[in-house]
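Student: how does the following fold in three dimensions:
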Amino acid sequence: MLTLASKLKRDDGLRGSRAPAAASDSTRRVSVRDRLLVKEVAELEANLPCTCKVYFPDPNKLHCFQLTVTPDEGYYQGGKFQFETEVPDAYNMVPPKVKCLTRIWHPNITETGEICLSLLREHSIDGTGWAPTRTLKDVVWGLNSLFTDLLNFDDPLNIEAAEHHLRDKEDFRNKVEDYIKRYAR
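Tutor: Down below sits the predicted model:
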């Protein structure tokens with residue numbers, strides 16, 4: 001993180017009048033995203049839920065990171081769930097792309113990693129979708145909440161998991177525990 005922040009400061013000092021305006025146009029868009037990310041990552045790390053850890057494989061690429069959620073209550077307690085996040089160049093006008101890398105039996109996450117979380121939608125009917133005022137902190141807290149208070153059986157992405165819960169809560173719990181043992185340790 002500090003590496004990118006230092007680079008941005010150094011680039012500001014070097015930019016001056018040397019860089020032609022037309023050549024730096026596409027760089028400026030990326031630069032805006034990276035400037036936002038430097039601030040947002042610092043805020044995120046200061047306000048990370050105790051059940052979450054963020055890992056940046058390359059500290060110079062804050063737009064690609066992994067999140068580990070380790071729920072401490074509910075059906076998913078004891079599991080470690082990995083998410084991959086990619087922040088597009090057009091951020092913060094568009095939401096980050098997030099995928100669950102851990103196979104999971106969950107009504108709002110498919111077994112292939114697609115996630116149903118309204119704030120990750122660019123356009124949302126209920127008005128709770130992505131807005132430029134949202135931040136990475138909102139995304140991480142939202143993903144963390146999918147294992148507790150945002151667990152939604154009434155509007156599922158994984159219909160089979162939701163119907164399983166409706167039919168037999170105990171068998172649903174057993175299948176979740178089996179998935180945790182097999183894929184989320």
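Student: mind listing the helices for this structure?
Tutor: Using DSSP state H, the helices found in the chain span residues 2-15, 25-46, 136-145, 159-167, 169-183.
Student: quick one, which of those helices is nearest to Asp58?
Tutor: Among the helices of the chain, helix 2-15 comes nearest to Asp58, with 9.2 Å by Cβ to Cβ. Quick note: C-beta positions are derived from backbone N, CA and C, even for glycine.
Student: quick one: mean pLDDT for that closest one?
Tutor: Across helix 2-15, the average pLDDT comes to 53.
Student: if we can go back for a sec, and the helices of the chain as a markdown table, adding mean neighbour count and distance to Cys52?
Tutor: A markdown table is the format used below for these (neighbours: other Cβ atoms under 10 Å; distance: least, Cβ to Cβ, whole Å):
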| stretch | mean neighbour count | distance to Cys52 |
| --- | --- | --- |
| helix 2-15 | 12 | 21 |
| helix 25-46 | 15 | 9 |
| helix 136-145 | 20 | 5 |
| helix 159-167 | 15 | 23 |
| helix 169-183 | 15 | 17 |
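Student: tell me which of the ones you listed lies nearest to Thr110.
Tutor: Of the helices of the chain, nearest to Thr110 by Cβ to Cβ is helix 159-167, at 8.8 Å.
Student: for the closest one, name the packing helices and strands.
Tutor: Here helix 159-167 touches helix 169-183, going by 3 or more Cβ pairs under 8 Å, 6 or more residues apart in numbering; DSSP states H and E.
Student: just how off-centre is the helix it packs on within its chain?
Tutor: Centroid separation for helix 169-183 versus its chain: 24 Å, with Cα atoms, centre = their mean, to the nearest Å.
Student: who touches it?
Tutor: Contacts to helix 169-183, defined as Cβ atoms under 8 Å, 6 or more residues apart in numbering, come from residues Tyr75, Tyr76, Gly78, Gly79, Thr102, Arg103, Ile104, Trp105, His106, Ala161, His164, His165.
Student: residue contacts, the first one?
Tutor: What that stands for is Tyr75. Residues in contact with Tyr75, defined by Cβ under 8 Å, 6+ apart, are Phe147, Leu151, Phe172, Arg173, Val176.
Student: do the fifth one as well
Tutor: Contact analysis of Thr102 by Cβ under 8 Å, 6+ apart lists Gly79, Lys80, Phe81, Gln82, Tyr183, Ala184.
Student: as JSON lines, the contacts of Tyr75 with pLDDT and distance to Leu62 would be great.
Tutor: Shown next, in JSON lines, are the contacts of Tyr75 (pLDDT from 0 to 100; distance: Cβ to Cβ, whole Å):
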{"residue": "Phe147", "pLDDT": "96", "distance to Leu62": "25"}
{"residue": "Leu151", "pLDDT": "92", "distance to Leu62": "29"}
{"residue": "Phe172", "pLDDT": "98", "distance to Leu62": "37"}
{"residue": "Arg173", "pLDDT": "97", "distance to Leu62": "38"}
{"residue": "Val176", "pLDDT": "98", "distance to Leu62": "33"}
